[in-house]
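S.K.: Just to be clear, the model below is a prediction. Sequence and coordinates:
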Protein chains: 2
Amino acid sequence: MQQKLAKTRVKIHELMQTRWSPRAFDPDRMVSHDDLIALLEAARWAPSCFNDQPWRYVVCNKATDKTGWQNAFTTLAEKNQLWAKNAPVLILATAMSNFNHNGKPNRHAMYDTGAASVSLCLQAVALGLVVHQMGGFDAEKAREVFHLPAECTPLAMMAVGYQGDASLLDDAFKEAELAARARVELSQQFFSGRWGNGFEQ
Amino acid sequence: MQQKLAKTRVKIHELMQTRWSPRAFDPDRMVSHDDLIALLEAARWAPSCFNDQPWRYVVCNKATDKTGWQNAFTTLAEKNQLWAKNAPVLILATAMSNFNHNGKPNRHAMYDTGAASVSLCLQAVALGLVVHQMGGFDAEKAREVFHLPAECTPLAMMAVGYQGDASLLDDAFKEAELAARARVELSQQFFSGRWGNGFEQ
């Protein structure tokens, strides 16, 4: 199975070093209920502003709820459907717009939900699972099929399952699946003391 | 040192199980340059929409740049200054508003930056460090002291260092430092197949 290790100047923890976002899923291997719970627990214990826990997730497991899964699948961009069809679980990540304790806008809601989602992704690594998050889905359609309340914002659809072989993919995706992971230079995003002053490595 | 394990129905990885947000920092123990790099690398390799990597961080290390650290410190809410004064490193997390590849608004920028930040927090756990993120800081002041460009949004200030004893804290914070971590029930935030249908444990 394709592995992609992050190339780092100093060693980082293996969860973060090995996590990546494959598109090739094993269509025949379902995710156990306990493993799903572990993914959700990892998200649930993420930090959040005022411990508001603004995230809300809709989990759609093909193995136990074909209708829910199909609803999630229909919201996906066509290009994503081509590979996500093999993912046994699709999870919609959403954020509540307002704080629970005072009803005022929570400007950290998306930030905190992103933290919860990547915690889920890292727990997946720990369980031998993989996750590929997608921005390419119809948020309004998701609102409709899942009866989301107005005060929540759909943010990402996550494909979850066991990694499959790259040969399962359409040609259009094979190259990306086999290419190395890439990031811009650390000093372009991480500054020391003031904006633009690249952190010295 | 105070430990706070997440209480979960099934086991989750120890990084997520043990991470929490202490306020008591050891004022005498600085963070090594290599450990700082590891924290940043963990953030750098987080996933993002279109691999845009919208996060930008300003790292303020008291040990090497008193001015930068003091600038960060002055942006903090008074209540946070009471304890964050002992944190040897303050890191400002910001997100770029627009995609790099086409200049259009990136509605996932905050979500992705939250993912990068919590990756940094989890790497801190792996290194025996702790992080406490704060929403309580003056974003406009941060914009000013760090000369942030208009197209970036300051989101959180992170206090980073080695954990100190709770006795270091003002009375107002001791209780929170010693209290158990709490989350709402899993079934209230994680749904199965449709909104509101609590995920079965």
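M.R.: Now that the structure is in, tell me what you want to look at.
S.K.: Grab the longest strand from chain A for me.
M.R.: strand A:152-161 (DSSP state E).
S.K.: hey, where'd the helices end up in chain A?
M.R.: Shown for chain A, the helices assigned by DSSP state H span residues A:14-18, A:33-44, A:66-74, A:78-84, A:109-126, A:139-145, A:171-178.
S.K.: Which positions within the one helix or strand in chain A whose mean pLDDT sits lowest qualify as buried?
M.R.: Least confident helix or strand, chain A: helix A:171-178 with a mean of 91, by mean pLDDT, DSSP states H and E. Neighbour-count burial for helix A:171-178, with 16 or more other CB atoms under 10 Å in any protein chain shown as criterion, is recorded at A:173, A:177. No exception for glycine: its C-beta is placed from N, CA and C like everyone else's.
S.K.: one step back: quick one: list the elements packing against the longest strand of chain A.
M.R.: Helices and strands touching strand A:152-161, by 3 or more CB pairs under 8 Å, 6 or more residues apart in numbering or on different chains; DSSP states H and E, are helix A:78-84, strand A:89-96, helix A:109-126, strand A:130-134, helix A:139-145.
S.K.: From the chain's centroid, how far away is the fourth one?
M.R.: Between the centre of strand A:130-134 and the centre of its chain there are 5 Å (CA atoms, centre = their mean, to the nearest Å).
S.K.: Then the last one?
M.R.: Between the mean C-alpha location of helix A:139-145 and the chain-wide mean there is a distance of 18 Å, by CA atoms, centre = their mean.
S.K.: Likewise for the first one?
M.R.: In terms of CA atoms, centre = their mean, the centre of helix A:78-84 is found 15 Å from the chain centre.
S.K.: What residues does the residue nearest the centre of chain A make contact with?
M.R.: Taking CA atoms, centre = their mean, the centroid of chain A lies closest to residue A:133, which sits 3.7 Å from it. Neighbouring residues of residue A:133 by CB atoms under 8 Å, 6 or more residues apart in numbering or on different chains: A:21, A:93, A:117, A:121, A:156, A:157, A:158, A:159, B:47, B:49.
S.K.: so where's chain A uncertain?
M.R.: Judged against pLDDT under 70, chain A has no low-scoring part.
S.K.: ok so, going back, counting by contacts, list what the least confident helix or strand of chain A packs against.
M.R.: With 3+ CB pairs under 8 Å, 6+ apart as the test, helix A:171-178 has helix A:78-84 packed against it.
S.K.: Can you dump the C-alpha atoms of the helix it packs on in CSV for me?
M.R.: Below are the C-alpha coordinates for helix A:78-84, written out as CSV (Å, rounded to 0.1, in the frame of the first residue of the first chain):
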residue,chain,number,x,y,z
GLU,A,78,-18.9,14.5,-9.7
LYS,A,79,-15.1,14.3,-9.7
ASN,A,80,-15.1,13.2,-6.1
GLN,A,81,-17.9,10.6,-6.7
LEU,A,82,-15.5,8.8,-9.1
TRP,A,83,-13.3,7.6,-6.2
ALA,A,84,-15.4,8.2,-3.1
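S.K.: residues of stretch A:192-201 that come out buried?
M.R.: Of the residues in stretch A:192-201, those buried (16+ other CB under 10 Å) are A:192, A:193, A:194, A:195, A:197, A:199.
S.K.: Count the residues that sit near residue A:121.
M.R.: 27 (other CB atoms under 10 Å in any protein chain shown).
S.K.: How about the one 4 residues further on?
M.R.: Neighbourhood size, residue A:125 [other CB under 10 Å]: 18.
S.K.: For it, list the residues it contacts.
M.R.: A:15, A:18, A:19.
S.K.: In TSV: these, plus distance to residue B:97 and neighbour count.
M.R.: Shown next, in TSV, are the contacts of residue A:125 (distance: CB to CB, whole Å; neighbours: other CB atoms under 10 Å in any protein chain shown):
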residue	distance to residue B:97	neighbour count
A:15	29	22
A:18	31	16
A:19	26	23
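S.K.: So which of those residues reach chain B?
M.R.: A:15, A:19 (CB under 8 Å from any CB of the partner chain).
S.K.: Go through the contacts of residue A:125 and say which is closest to chain B.
M.R.: residue A:15 (6.3 Å; CB to the nearest CB).
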